[in-house]
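1. Got a sequence here, can you model it:
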Amino acid sequence: MFESLSQRLSKVFDKLTGRGALSEADVAEALREVRVALLEADVALAVVKDFVARVKERAVGQEVIKSVTPGQMVVKIVHDELIATLGTEGAELNLNAVPPVAILMVGLQGSGKTTTSGKLAVRLKADRKKVLLASLDVYRPAAQRQLEILAEQAGVGSLPVVMGEMPVAIARRAMEMGRREGYDAVILDTAGRLHIDQELMAEVAQVRDAVAPTETLLVTDAMTGQDAVTLAREFNEKVGVTGIVLTRVDGDARGGAALSMRAVTGRPIKFLGMGEKLDALEVFHPDRIAGRILGMGDVVSLVEKAMATIEQDEAERLAKRIEKGKFDLDDMLSQFRQVEKMGDLKGILGMLPGIGKMAAQLKDAKIDNKMLGRQKAIILSMTKVERRNPDLIKASRKKRIAAGSGTSVQDVNKLLKQHQQMADMMKKVGKLGQKGLMRHGLGGLLPPGLGNRFGR
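-> Below you'll find the predicted structure:
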């Protein structure tokens, strides 16, 4: 989401950190470029002015002048102010009320409210909460059926549909069912409109008054841009928002919405929608996002994602093989599958420190999720014997494998070469023991060839 902003800021700070001393003019010039970068990222003008003023006040003071590395001190100040602008640390849902707790989902049509309702249900279910989903959208065709399907996929309850029933009545019936059947939380998915209007606000306000929600979450598309400020302000003033959920964060949004909405409403961004799958909802951490924006990476999130998705048994099996210096094509295939479970490949790489400066190399590498699919197809076109003994794969076998996987002999050769490089590295790791595994393990998780591109 913050790719373009991150690239612009990296160039600005590279100039600063490359100098031994900074004058007030140097700082002023850098802040002008920061201002332009933020505006181009669709951050609201009022937010940009306030942000730059706060940074300037600190950056031209004694704190920077007396610093051993003034350029790095300015980067730290910008980092601190980004965290302050983005808001509080990982604000969790407020469930401190007599069950069932009502959670009201509001926002414009197409923002991802219904899918986010399902994701939130999955998250609460993982915390051992009994969840009921109820659709109040009686206007959009099949909206109620869509939520029923999501409830089935999530393994949570859904309110039976009564044709002709209006939103306020549906909300009251959902809360009554929640009380009667012992639900911990009732998620109410309200109807949206293509734009803000009084009818929409009045209806949502009536539902709010009827159920007294402990949480009213504004769900908005991260690609909304400058309109995000108006949207957030209107919903906050007319309905009363307790938190924000940004969806489609994994897309090519400029990131201005995240910086603007928190500053304008004073309400925390609570979650980020990172994809279409029901488990693709992440808690918002301002410090980690600030790190991504400034090219510092987000290794903590990367490790958490790995721990949540990588199968322990499979990891232990592979570790034992590496200790023995063994790594065949079946092991490589297993690694690909583990990486796939972690989600979007560019998103994973975006969490690595300094990756923003390598945007050109990433683009040249043509990294996408299809790349893993092609690599897997090549391995799956081999026989079991070939996977265990890659040395058997000569010219005629390569042609058969290429034809079976829909690739070229050149692609097969490339994969075999990359496997050999990984196998050699694994042998070294095996000799070094567990410390070596910790030192080299991340490169083993990345798709073959990427390690060489990124300095391994």
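2. mind showing which ranges of the stretch 251-400 of the chain have poor pLDDT?
-> The model of the stretch 251-400 of the chain has pLDDT under 70 over residues 251-258, 291-316, 318-319, 322-323, 325, 340-369.
3. Strands of that one, start to end?
-> Secondary structure of the stretch 251-400 of the chain (DSSP state E, counting those that start in this stretch): strands located at 269-273, 281-283.
4. Can you list the strands that the last one pairs with?
-> Here strand 281-283 is paired, per DSSP bridges, with strand 269-273 (antiparallel).
5. Just give me the longest helix of this structure.
-> helix 409-432 (DSSP state H).
6. other SSEs contacting that helix?
-> Judged by 3 or more CB pairs under 8 Å, 6 or more residues apart in numbering; DSSP states H and E, helix 409-432 is in contact with helix 312-323, helix 329-341, helix 369-380, helix 395-405, helix 434-445. For every residue, glycine as well, the C-beta is placed using N, CA and C.
7. who are the neighbours of the third one, in terms of helices and strands?
-> Just to be clear, that refers to helix 369-380. helix 329-341, helix 345-349, helix 395-405, helix 409-432.
8. And stretch 372-392, what's buried?
-> Neighbour-count burial for stretch 372-392, counted by 16 or more other CB atoms under 10 Å, picks out 372, 375-376, 378-379, 381-382, 386-387, 390.
9. now stretch 405-423
-> For stretch 405-423, burial by neighbour count (16+ other CB under 10 Å) applies to 405, 407, 411-412, 414-416, 418-419, 421-423.
10. residues touching residue 210, list them.
-> Residues near residue 210 by CB atoms under 8 Å, 6 or more residues apart in numbering: 168, 171-172.
11. shaky segments in the stretch 1-150 of the chain?
-> Scanning the stretch 1-150 of the chain for pLDDT under 70 picks out the ranges 1-8, 12-22, 61-72, 88-91.
12. ok, back up a step: with respect to residue 126, which of the buried residues of stretch 405-423 is nearest?
-> Closest to residue 126 out of these is residue 422 (34.0 Å), distances taken as CB to CB.
13. Would you double-check that residue 134 falls in a strand?
-> Yes: the assignment for residue 134 by DSSP: H, G, I helix; E, B strand; the rest coil puts it in a strand.
14. Dump the helices and strands packed on helix 369-380 into CSV; add distance to residue 243 as well.
-> Shown next, in CSV, are the helices and strands packed on helix 369-380 (distance: least, CB to CB, whole Å):
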stretch, distance to residue 243
helix 329-341, 28
helix 345-349, 23
helix 395-405, 46
helix 409-432, 43
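15. I'd like the buried residues of stretch 405-423 laid out as TSV, including pLDDT and distance to residue 11.
-> Formatted as TSV, the buried residues of stretch 405-423 follow (pLDDT from 0 to 100; distance: CB to CB, whole Å):
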residue	pLDDT	distance to residue 11
405	91	41
407	90	38
411	91	35
412	93	40
414	89	33
415	90	36
416	91	39
418	84	32
419	86	37
421	81	33
422	78	34
423	79	39
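16. what's the closest of the residues you listed to residue 326?
-> When the buried residues of stretch 405-423 are compared for distance to residue 326 (CB to CB), residue 423 wins out at 8.3 Å.
17. Correct me if wrong: the closest one contacts residue 327.
-> Yes: using CB atoms under 8 Å, residue 423 is in contact with residue 327, at 4.5 Å.
18. follow-up on the earlier one: out of the helices and strands packed on helix 369-380, flag the one nearest residue 39.
-> Nearest to residue 39, of all the helices and strands packed on helix 369-380, is helix 345-349, at 25.0 Å by CB to CB.
19. so where does the closest residue to residue 54 other than its chain neighbours fall, helix or strand?
-> Once flanking residues are discounted, residue 54 sits nearest to residue 81: 5.3 Å by CB to CB, 6 or more residues apart in numbering. In this assignment (DSSP states H and E), residue 81 forms part of helix 70-86.
20. tell me the angle that helix makes with strand 269-273.
-> On the basis of axes from the mean of the first three to the mean of the last three CA atoms, to 10 degrees, helix 70-86 is oriented at 100 degrees to strand 269-273.
21. could you say what helices and strands helix 70-86 packs with?
-> Under the contact criterion of 3+ CB pairs under 8 Å, 6+ apart, helix 70-86 touches helix 3-17, helix 24-40, helix 45-59, helix 62-65, helix 256-265, helix 286-293.
22. Give me the helices and strands touching whichever helix or strand comes after it, please.
-> Per DSSP H and E, the first helix or strand lying C-terminal to helix 70-86 is strand 101-106. Packed against strand 101-106 by the contact rule (3+ CB pairs under 8 Å, 6+ apart) you find helix 113-126, strand 185-189, helix 198-211, strand 215-221.
23. CA-only coordinates of strand 101-106 in PDB, if you can.
-> What follows is strand 101-106 as a C-alpha-only set of coordinates in PDB (Å, rounded to 0.1, in the frame of the first residue of the first chain):
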ATOM      1  CA  VAL A 101     -22.000  -7.600  22.400                       C
ATOM      2  CA  ALA A 102     -23.200  -5.800  19.300                       C
ATOM      3  CA  ILE A 103     -20.600  -4.900  16.600                       C
ATOM      4  CA  LEU A 104     -21.900  -2.500  14.000                       C
ATOM      5  CA  MET A 105     -20.200  -2.500  10.600                       C
ATOM      6  CA  VAL A 106     -20.700   0.700   8.600                       C
END
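24. Start the count at 19 instead of 1 going forward.
-> I'll keep to 19 as the first residue from here, and by that count the last item is strand 119-124.
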